[in-house]
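Q: this one's structure only:
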C-alpha cells in the first residue's frame, strides 16, 4: 500500500491533531497545578481539589496506559479478555517487591531511592522497575496465553476470567507460600520508595510531576499502539480479528500473532500496575477484583474498540467518573434534591447500564475505529467449519 | 490422450480424514502435475472440501500422506503451508469485509518480503481482474459476490503460489460471472500456475481442467482426462444433468 494514500493522510492528520491537543491539555494541567493553583483563591483551589484532584488525574493517565494495552488484545486482535486485572496485579507487585523495604533481609540498591536511614529491602530505580514489570508480565502473558489462546472466543473469555480471579487470590493468600511471605497478604506492601529520576525525587505529595511521569508512560503507549497498528503485526492482528481462518490461509501464524497481542497487552497492564503502585504508595491485593477488568474493558468499548484516541478518551472519562465524578455529581444532585443517595455505591449499576446502552445504540464506541467492528459478535460457523476449527487447533 | 509428463507437484496417497468418528475422506489417492488444472468434482458431502482443508493444513489426516514438491506436508500448520507455496481461495470467499480491496490484496502477500515483485504481482492481479482496479479503495464487504470472488482469487495469487487451490469459485455467482471466473482461471494456468480446483459445477470445471477426479462419499469414484470424463455417460448422468 502506498504510504500516501488519501486514507493514510487523513489518519496522519487525525493523529497529529490528537497528539497536539492532548499534549497541550497535559501541559496546561501541569502548569496550572504546579504554578498557578497554589497561589490562587482558596475557593478556586477547593473547587479544583474536589472536582479534579491530581490523584484522579494521575490515576486517569495510568488507566489510559492499561486501557490501551487491553485495546491491543480486544480492539486490535479481537480476543475478549475478561481477566486483565491479573496483569495489573502482577505489575503492581513487581513494584511492591522491587521498590520497598518488603524484603528486609536483603539489602539491594540499584540506582534506587530507599527512605533515609532504612537501606533494608530491594530498592531499584523507578525506570528499572517499569522495565522489570513489563518483562515480568510479558512472561506471564505468554505463560497464560500459550494454553489459553487456542480456545475460541467464548471459551477464551471464560478462561481469562478465571485467571483474573486466580492471580489476585494468590496474592491475597501469599503470606505463606512454601514457608515464605511473598505478598504480605491483606496488609499489602507499603510504603513504596519515592520515584527518583536523575537528581530529582518525587514522593507521595509531589503529585504534579508524578502526573507528568504517568502521562509520559501513557504517551509512549499511544505511540507504540499507533506504530504497531500500521506495521506488519498490526495488519496480522486486524486480519485475525476480521476472519481467523482466512488470516491463516494468508500465512498469518495464528498462535504467535495472538500471543504477541496478549504479551503487548500484558506489558502495558504490568507497567500500568507498577505505576499505579507508585501512585497510591502501596500494593493491596484486595484492590484487584473482577470489577477492574470490567471497568478497563468498558473504557475500551466506550471509547471505540481499536481506536487509540477513542480508548484514551474513554479511559480518562471513566476513570474520572469512577474516582471523582460520581461522588461530586452525586453530591450536587443530593444537595439540589435534598436526598441522601450514596451514588458511588451504584457505580457498577451505572457502568453496567452504560455498557448495555452502548451495545444497544452505539456498538462502535464514541469515537469509532475506521473499520467498525463488534468484537463480541462472533461469525456463525457452520457445522463442518466448527469441527474443522476444533480439529485444526489440536 | 496422455496426461502431462511434467513432474508431480502434489502427491496425495491413501488419505484418510475423519471428523471424530465420521470418516469424510476414505483412502483418496490423487496427484497434481506441474502446469495442470486438476479438478475435484463430486456432490455435496463427497469430501472435496475436507480434502482441501487437509492439504492446506487446517485438518490433520488420520492416515496417508501428502507430498508437495517431494516434501511431506501432512500435519504441517496452515501458515507454513502457505510459505511453501500453496495458496488458497477458500470456499465462501472469506475476504476481509471491513478492509479495502487494496488491503485485502496486501494481506495476500503477507509472507512476502520482495516488495518490488509484490507490486508487480498486484499489477498483474489488477490486469487480470480490471473490476478490482475500479474498486481498489472500496471496503471489500460492500462489493458484489462476483467481485468478492475475484478478490479472493486475486488475494490468493498475491502469495505467488506454486499451487493455487480454488474452493468452489463459482458458488453463488450469476452464470455470466461463472464463465468470466473460469476463463480467468484458465488464463492463470496458462501463465504457469498449477491449479487444484474444487467445484460442484462439474461442467464448467471439466471444460477448463486437464485432469479430473470424481469423489463420492469420501471415495475416489473415477479419474481421467477432463475431456474424457466430460463425455463419460456415468459422469454426465450423475453430475452434468444428463438424461
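A: Alright, I've got the coordinates. Predicted, not measured: the structure shown is a model, and the values here were computed from it.
Q: Make sure residue A:205 is indeed in a strand.
A: No. Under DSSP: H, G, I helix; E, B strand; the rest coil, residue A:205 falls outside any strand and is assigned coil.
Q: Tell me the pLDDT of it.
A: Note on residue A:205: pLDDT of 87.
Q: Look at it and say how many residues are nearby.
A: Using other C-beta atoms under 10 Å in any protein chain shown, residue A:205 has 9 other residues around it. (C-beta placed from N, C-alpha, C; glycine too.)
Q: Got the domain ranges for chain B?
A: B:1-85+B:161-243, B:89-158 (automatic domain parsing).
Q: Let me have these in JSON lines, extended by distance to chain A, mean pLDDT and mean neighbour count.
A: Shown next, in JSON lines, are the domains of chain B (distance: least, C-beta to the nearest C-beta, whole Å; pLDDT from 0 to 100; neighbours: other C-beta atoms under 10 Å in any protein chain shown):
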{"stretch": "domain B:1-85+B:161-243", "distance to chain A": "3", "mean pLDDT": "91", "mean neighbour count": "18"}
{"stretch": "domain B:89-158", "distance to chain A": "4", "mean pLDDT": "94", "mean neighbour count": "19"}
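Q: what sits up against stretch A:51-64?
A: Stretch A:51-64 is contacted by residues A:29, A:33, A:207-208, A:210-211, A:214-215, A:217-218, A:221-222, A:272, A:275-276, A:279, A:296, A:299, A:311-312, A:315-316, A:318-320, A:323-324, A:328 when judged by C-beta atoms under 8 Å, 6 or more residues apart in numbering or on different chains.
Q: dump the residue contacts of residue B:122.
A: B:105, B:109, B:158.
Q: and if we set it to 6 Å?
A: Residues counted as contacts of residue B:122 (C-beta atoms under 6 Å, 6 or more residues apart in numbering or on different chains) are residue B:105.
Q: Can you tell me the element it falls in?
A: Applying DSSP states H and E as the criterion places residue B:122 in helix B:115-128.
Q: and what of residue B:29?
A: Per DSSP H and E: strand B:22-33 holds residue B:29.
Q: Touching that strand from outside, list them.
A: The contact list for strand B:22-33 (C-beta under 6 Å, 6+ apart) reads B:4, B:6, B:8-15, B:17-18, B:38, B:47, B:50-51, B:196, B:213, B:218-220.
Q: Just checking, which helix or strand succeeds that strand along the chain?
A: Counting by DSSP H and E, what follows strand B:22-33 is strand B:37-41.
Q: Check which strands are paired with that following strand and give the direction for each one.
A: Using DSSP bridges, strand B:37-41 pairs in its sheet with strand B:194-199 (parallel), strand B:211-216 (parallel).
Q: quick check: angle from it to strand B:22-33?
A: Comparing the axes of strand B:37-41 and strand B:22-33 via axes from the mean of the first three to the mean of the last three C-alpha atoms, to 10 degrees yields an angle of 160 degrees.
Q: next one: strand B:37-41 to chain centre, how far?
A: Centre-to-centre, strand B:37-41 and its host chain are 8 Å apart (C-alpha atoms, centre = their mean, to the nearest Å).
Q: so where's the stretch 101-250 of chain A uncertain?
A: Of all residues in the stretch 101-250 of chain A, none has pLDDT under 70.
Q: Just the helices from chain B, written as ranges.
A: Counting by DSSP state H, the segments of chain B that form helices are B:48-55, B:78-84, B:101-108, B:115-128, B:130-134, B:145-157, B:175-190, B:202-208, B:226-231, B:233-239.
Q: Could you pull out the helices in the stretch 51-200 of chain A for me?
A: A:54-70, A:85-98, A:126-148, A:153-172 (DSSP state H, counting those that start in this stretch).
Q: Deepest-packed of the ones you listed, please.
A: Highest mean neighbour count among the helices of the stretch 51-200 of chain A (mean count of other C-beta atoms under 10 Å in any protein chain shown): helix A:85-98, with a mean of 29.
Q: what's that helix packed up against?
A: Contact partners of helix A:85-98 among helices and strands, from 3 or more C-beta pairs under 6 Å, 6 or more residues apart in numbering or on different chains; DSSP states H and E: helix A:126-148, helix A:153-172, helix A:254-280.
Q: contacts for the shortest one?
A: The list of residues contacting helix A:153-172 from outside it, by C-beta under 6 Å, 6+ apart, reads A:80-83, A:85-86, A:89, A:144, A:148, A:183, A:285, A:288, A:293, A:378.
Q: Let me know the closest of these to residue A:132.
A: Minimum distance to residue A:132 across those is 15.1 Å, recorded for residue A:89 (C-beta to C-beta).
Q: Would you agree that closest one is in contact with residue A:289?
A: No. At 9.9 Å, residue A:89 does not count as touching residue A:289 under the criterion of C-beta atoms under 6 Å.
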